[in-house]
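Participant: just to be clear, the model below is a prediction. Sequence and coordinates:
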Amino acid sequence: MRTFILLALVAACSAVVYKMETKKSENLRAKLIQTGRYQEFLAKQHESRINLNTGSQPFLDYYDDFYLGNITLGTPAQQVTIVLDTGSSNLWVIDAACKTQACNGYPDSGYTKHKFNTTASTTYVSESKKFSIQYGSGSCSGHLAKDTLVFGGLTVANQEFGVANHLAEVFGYQPVDGILGLGWPSLAVDKVTPPMQNVLSQLDQPIFTVWLDRKLNISQGGLGGLITYGATDSVNCDSTITYVPLTAKTYWQFNIDAFAIGTYSESKSQSSISDTGTSWVGAPASILSAIVKQTKATFDWTNELYTVDCATSSSLPDLIFTIGGTKYNVQAVEYVLDLQLGGGKCAITFFSMGSGSFGPQWILGDTFIRQYCNVYDIGQARIGFAKAHHSF
């Protein structure tokens, strides 16, 4: 998954189609760079990766900008802000009984955690079974429970979810109270049924559509997109949708037939996942090297990212993904990001997936999804892409 996400103003649009407006968080990486705390943050992340617990599902977190949604749990309803993540399949929230700094949130993060008070809900049912999820840059653990969940106007009476009483330090910096996974059931830890599978009978169609708005400036916050449950988004997305079959029912996984940028092209078929929880694009190491060459990017060892000159970024070539025989161009406006690094430098939004043979070779995160609406078709086990509409 993930990097971070959307604040939801929830509105039911009809009896069978539901929409959830999302809010884009401040850019955490930029905020830490501006306050001179990013190197300390990176050091803590490197240390945490040395002591990872075993098991559970991978989740690549680039602790950058997120798209968040508001949900409620319990009776009476308690609101929490969660990451809407197609790269994982579990729902969890922070236990109000957890008093660690990570659970409470760091004071200088600018965000107050909204923890779930289990004793205040009359419909809450605790379970003795423990849960533990290991993400790429953090973890959480606690116990399972059931309670009434409402998201995007949809209600699940007895949703099973995790009540987290231990969080990795990284979550203390982030403007989130939990994660709602939108992946497939086979990806779920502890065989918990994901919320989407529990609401399919309420929808006109077993699909949901993600549209992410374009934000050229960092740390803006505000409304950042829309998730439409049960239908395609005919307002923010082109009517022409091109579908490809999934290659696995775990992540939203499919094949990229070819990739090109500038004078470089690669026609080898490689697996990829669509992940709303990852802000940037994860690419094979060899292809990332080609991207660096074509964009003339240099590596910033202090901040651990690739940079280009902001002034010349508009002249950089498109990324061209071929998926299911259709070419999808991603412009530099999406993959060049001004993090206020200084010296006229901007980041390019890529990270290396390494050279391992297991798992997807690509992660198409928010950089790609902003350019193309993603239509997640649960009923036909396929994913569709349509050009996203933006005001600029």
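Facilitator: Ah, there it is.
Participant: what is the neighbour count of P195?
Facilitator: 22 (other C-beta atoms under 10 Å). Where you see a C-beta, it was placed from the backbone N, CA and C, and this is true even at glycine.
Participant: which element is the residue positioned nearest the centre of the chain on?
Facilitator: Centroid-nearest residue in the chain: G277, 0.9 Å away (criterion: C-alpha atoms, centre = their mean). When elements are defined using DSSP states H and E, G277 is found to belong to no helix and no strand.
Participant: I'd assumed T86 was in contact with it.
Facilitator: Yes - in this structure G277 lies within contact range of T86 using C-beta atoms under 8 Å: 6.8 Å.
Participant: right, and the helix or strand after the helix or strand encompassing E334?
Facilitator: According to DSSP H and E, E334 maps onto helix 332-335. Downstream of helix 332-335, the next assigned helix or strand under DSSP H and E is strand 336-337.
Participant: that next one pairs with which strands?
Facilitator: strand 345-348 (antiparallel) (DSSP bridges).
Participant: partners of whatever helix or strand comes next after the strand it pairs with, with directions?
Facilitator: Sequence order places strand 350-352 as the next helix or strand after strand 345-348, per DSSP H and E. Using DSSP bridges, the strands paired with strand 350-352 are strand 281-283 (parallel).
Participant: next one: the partner strand to chain centre, how far?
Facilitator: 13 Å (C-alpha atoms, centre = their mean, to the nearest Å).
Participant: ok, and what's touching the helix or strand following that strand?
Facilitator: Using DSSP H and E, the helix or strand that follows strand 281-283 in sequence is helix 285-295. The contact list for helix 285-295, computed with C-beta atoms under 8 Å, 6 or more residues apart in numbering, reads 259, 261-264, 266, 283, 297, 299, 306, 308, 316-317, 319, 348, 350-355.
Participant: okay, now the nearest residue to L200 once chain neighbours are set aside: neighbour count?
Facilitator: Once flanking residues are discounted, L200 sits nearest to P206: 5.0 Å by C-beta to C-beta, 6 or more residues apart in numbering. By the criterion of other C-beta under 10 Å, P206 has 17 neighbours.
Participant: ok, P206 touching D377?
Facilitator: Yes - here P206 reaches D377: they are 7.3 Å apart, a contact under C-beta under 8 Å.
Participant: one step back: now which of the contacts of helix 285-295 would you call buried?
Facilitator: 259, 261, 266, 283, 297, 306, 308, 316-317, 319, 348, 350-351, 353 (16 or more other C-beta atoms under 10 Å).
Participant: so T312, which of the three states?
Facilitator: Following DSSP: H, G, I helix; E, B strand; the rest coil, T312 is assigned to helix.
Participant: what's the distance between it and A297?
Facilitator: 11 Å (C-beta to C-beta, to the nearest Å).
Participant: repeat for D213
Facilitator: In terms of C-beta to C-beta, D213 sits 26 Å off from A297.
Participant: swap in A168?
Facilitator: Counting by C-beta to C-beta, the gap from A168 to A297 is 30 Å.
Participant: for L305, what are its contacts?
Facilitator: Counting by C-beta under 8 Å, 6+ apart, L305 has contacts 299, 347-348, 351.
Participant: quick check, nearest of these to N104?
Facilitator: Nearest to N104 among the contacts of L305, counting by C-beta to C-beta, is F351 at 29.5 Å.
Participant: surely the closest one and G282 touch.
Facilitator: Yes - using C-beta under 8 Å, F351 is in contact with G282, at 5.5 Å.
Participant: okay, and the beta partners of L305?
Facilitator: Residues in beta-bridge contact with L305 (DSSP bridges): D300.
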